[in-house]
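Q: model the structure of this input:
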Amino acid sequence: IIESGYLSLSEVLASSGVLHINGASSGYSASGTPDMRGFGERAAQNVLIMLDGRPLNNATLESPDLSTIPLHTISKIEILNASAGVLYGNGAVGGVINIISDQSAKRENVELKLSAGSFGSSELASSISRPLEEGGHLYVTATASTTDGYRDYTENTKTYGAMSYLRDLSDGSFSFGFDQSRTDGYLSGIALDTAVTENRKAFRTNSVQKKRSLRQTIWSKIEKTYGSNNTFQLDIGRRLSNQEGSYLSGSTIDQLLTTNSFTPKFLGQTLLLSMPADYVAGVDLSQSRYLTGTSNVRKQEISSLFGRTKIDLSDQLGLVTGARVAQDKNKLLNGSSVDNDVIAIELGIEKSLNEQIFSLRFDQNYRIATLDEQVTYPAPSYSATDTPIAPQNGNSLEFGWKSDSTRITAYYLINNDEIYYDGETSSTNTTVNKTERYGLTYSSDIRLSKSVTASINATRAYAKFTDDTYDGYTVPSTSEYFGSLKLEK
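A: Here you go, the predicted structure:
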């Protein structure tokens, strides 16, 4: 990835041709939000983003900030362009992105990088990865960057540091780590088109915000093998996100979010009715605590039990089946307690024929409303009011075809009670009875000559409302066509 020439993680993701980066901007936060299958302004809540298998999505409307993850710390990126409610749970509606860091790659190297560019941009990055005695491995990295920005009030500085230790055991492994990122800078605010035309550095004073963002994660992972085909994994983590800032007009913002996670699971191979099967089964537990200013503490707890298996009915025919049962408990801003239950199932079939693979899969997904979405400020008093929102749920049908060099996937997704911000009539977060999405993705590697290969990725995604006030309208801020072309020699 670091040798690709891309400057940010968002650029790497956009080059995949299977997703759109929504809301990319400059200044304090220049990362944007990956959008798969057309969710627009709510993409951050409908696409699950993970770092080394641990979710980065929040119990608030705060999006995972991809700009805080330096490229030199990334080993590879896995993109699942599919609904995956059973396997991954909350928020895996449009797809899943798993960023694999160098913390999980046992390489031996020392790196030092210095770069500089226009508008006062500079970055210094270093990393050390080396084996230790008795099967241990240590990884340490640090990055610092700064830029003045092109527009006024877009200057910012970013720092990132991470440390991890991994030790191989006779029947598994043990690892733990810590990372922290900090960003200091400005949100440059909204300017009128006429002002930008006259001066591209223009800004609007009352919307400029000086902001500091601090994120920390501490984690531990245990892996133990049983026999030759079965493994137990336990992943424990704690994330902290602290957002502090003030507008030039004088008003301030102060948000603190902590999330604890506990995920034990078993995976491996077994026999079901004398047929070989791959399986995974486990529990996902998360607890979030959210404080804004001097307001009451809000809480969200999500617990789920899941299992999924792929059974080889024959050498050429496979059956996929799975289910997840989830419960969320919410304590809202004014003290209201709200509990919800969700069930999702998956059923699929895969057929191999003449070095080709055909698949048909049905998957149910869901998305639990964030704590921010469950409070409104109605006129005329504009006082905070608890507004519980039931979970969004969807049904996805997907057909796939794959050969040695080409892959095509077609999907049809219907969401019920989709959580959406109604900026036209009520200016509140609400639900839309029904939305509809369908599309096609195509990827192929074509050899142009003995030494040159063309990699083509193309996506067509259509998303629209099919009920309520916006019936027939396209979901805003979505991209219908996108793709990529890469030549390799």
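Q: ok, residue 138 to residue 83 distance?
A: 39 Å (C-beta to C-beta, to the nearest Å). (C-beta placed from N, C-alpha, C; glycine too.)
Q: next: residue 37.
A: Look at residue 37 and residue 83: by C-beta to C-beta, they are 8 Å apart.
Q: again, but for residue 158
A: Separation of residue 158 from residue 83 (C-beta to C-beta): 34 Å.
Q: more neighbours, these two?
A: Neighbours per residue, other C-beta atoms under 10 Å: of residue 158 and residue 83, the larger number sits with residue 83, 31 against 21.
Q: what about the closest residue to that one other than its chain neighbours, how many neighbours?
A: Excluding the flanking residues, the one nearest residue 83 by C-beta to C-beta, 6 or more residues apart in numbering is residue 396, at 3.6 Å. For residue 396, the count of nearby residues is 23 (other C-beta under 10 Å).
Q: just list whatever residues bridge to residue 240.
A: Under DSSP bridges, the beta-bridge partners of residue 240 are residue 216, residue 258.
Q: and the pLDDT at it?
A: pLDDT for residue 240: 97.
Q: I'd say it and residue 257 touch.
A: Yes: applying C-beta atoms under 8 Å as the test, residue 240 and residue 257 come out as touching, 7.3 Å apart.
Q: please identify which of those two sits among more neighbours.
A: Neighbour comparison, residue 240 and residue 257: the larger count goes to residue 257, with 21 against 15 (by other C-beta under 10 Å).
Q: which neighbours do residue 37 and residue 83 have in common?
A: Any residue near both residue 37 and residue 83 by C-beta atoms under 8 Å, 6 or more residues apart in numbering counts here, and that gives 93, 94, 95, 411, 413.
Q: now, which of these sits nearest residue 208?
A: When those are compared for distance to residue 208 (C-beta to C-beta), residue 94 comes out closest, at 32.6 Å.
Q: quick check: phi and psi at that closest one.
A: Summarising the backbone geometry of residue 94 under the convention degrees, to the nearest 10, its torsions are phi -90, psi -20.
Q: please apply the same query to the one 5 residues further on.
A: Here the main-chain torsion angles of residue 99 (degrees, to the nearest 10) amount to phi -90, psi 120.
Q: hmm, who's touching stretch 478-487?
A: With contact meaning C-beta under 8 Å, 6+ apart, stretch 478-487 is reached by 14-17, 19-20, 22, 35, 38-40, 448, 452-463.
Q: hmm, 10 Å instead?
A: Contacts made with stretch 478-487 from outside it, assessed by C-beta atoms under 10 Å, 6 or more residues apart in numbering, are listed as 4, 14-22, 35, 37-41, 43, 437, 439, 441-443, 445, 448, 452-464, 474.
Q: among these, name the buried ones.
A: Buried subset of those (neighbour count, 16 or more other C-beta atoms under 10 Å): 14-22, 35, 37-41, 43, 437, 439, 441-443, 455, 457-459, 461-464.
Q: which residues are common contacts for residue 240 and residue 257?
A: Overlap between the contact sets of residue 240 and residue 257, as judged by C-beta under 10 Å, 6+ apart, is given by 215, 289.
Q: rewinding a little: keep only those of the buried ones among the contacts of stretch 478-487 that are in helices.
A: 14, 43 (DSSP state H).
Q: among the buried ones among the contacts of stretch 478-487, which are located in strands?
A: Mapping those onto strands (DSSP state E) picks out 20-22, 35, 437, 439, 441-443, 455, 457-459, 461-464.
Q: any idea how far residue 10 is from the residue nearest to residue 457 when sequence neighbours are not counted?
A: Here the nearest residue to residue 457 in space, its sequence neighbours aside, is residue 17; by C-beta to C-beta, 6+ apart that works out to 2.7 Å. To residue 10, residue 17 is 14 Å away according to C-beta to C-beta.
Q: now swap in residue 110 and tell me
A: Distance of residue 110 to residue 10, given as C-beta to C-beta: 28 Å.
Q: which of those two has more neighbours?
A: Between residue 110 and residue 10, residue 10 has the larger neighbour count (other C-beta under 10 Å), namely 18 against 9.
Q: just checking, that one touches residue 21?
A: Yes: taking contact to mean C-beta atoms under 10 Å, the distance of 5.1 Å between residue 10 and residue 21 places them in contact.
Q: give me the common contacts of the two.
A: Common neighbours of residue 10 and residue 21, counting by C-beta under 10 Å, 6+ apart, are 31, 32, 33, 34, 66.
Q: now the fourth one. Nearest residue, chain neighbours left out?
A: The reference is to residue 34. residue 19 (5.0 Å).
Q: so who does that neighbour touch?
A: Listed by C-beta under 10 Å, 6+ apart, the contact partners of residue 19 are 13, 33-37, 43, 47, 79, 81, 94-95, 97, 441, 457, 459, 461, 479, 482.
Q: try it again with 8 Å
A: Taking C-beta under 8 Å, 6+ apart as the definition of contact, the neighbours of residue 19 are 13, 34, 35, 36, 47, 79, 81, 95, 97, 459, 482.
Q: quick one: least confident helix or strand in this protein?
A: Of all the helices and strands that make up the chain, helix 193-198 has the lowest average by mean pLDDT, DSSP states H and E, namely a mean of 75.
Q: just give me how far that one sits from the chain centre.
A: Helix 193-198 has its average C-alpha position 35 Å from the chain's average C-alpha position, going by C-alpha atoms, centre = their mean, to the nearest Å.
Q: tell me how far residue 410 lies from residue 80.
A: Between residue 410 and residue 80 the computed distance is 16 Å (C-beta to C-beta).
Q: per-residue confidence for residue 27?
A: pLDDT, residue 27: 46.
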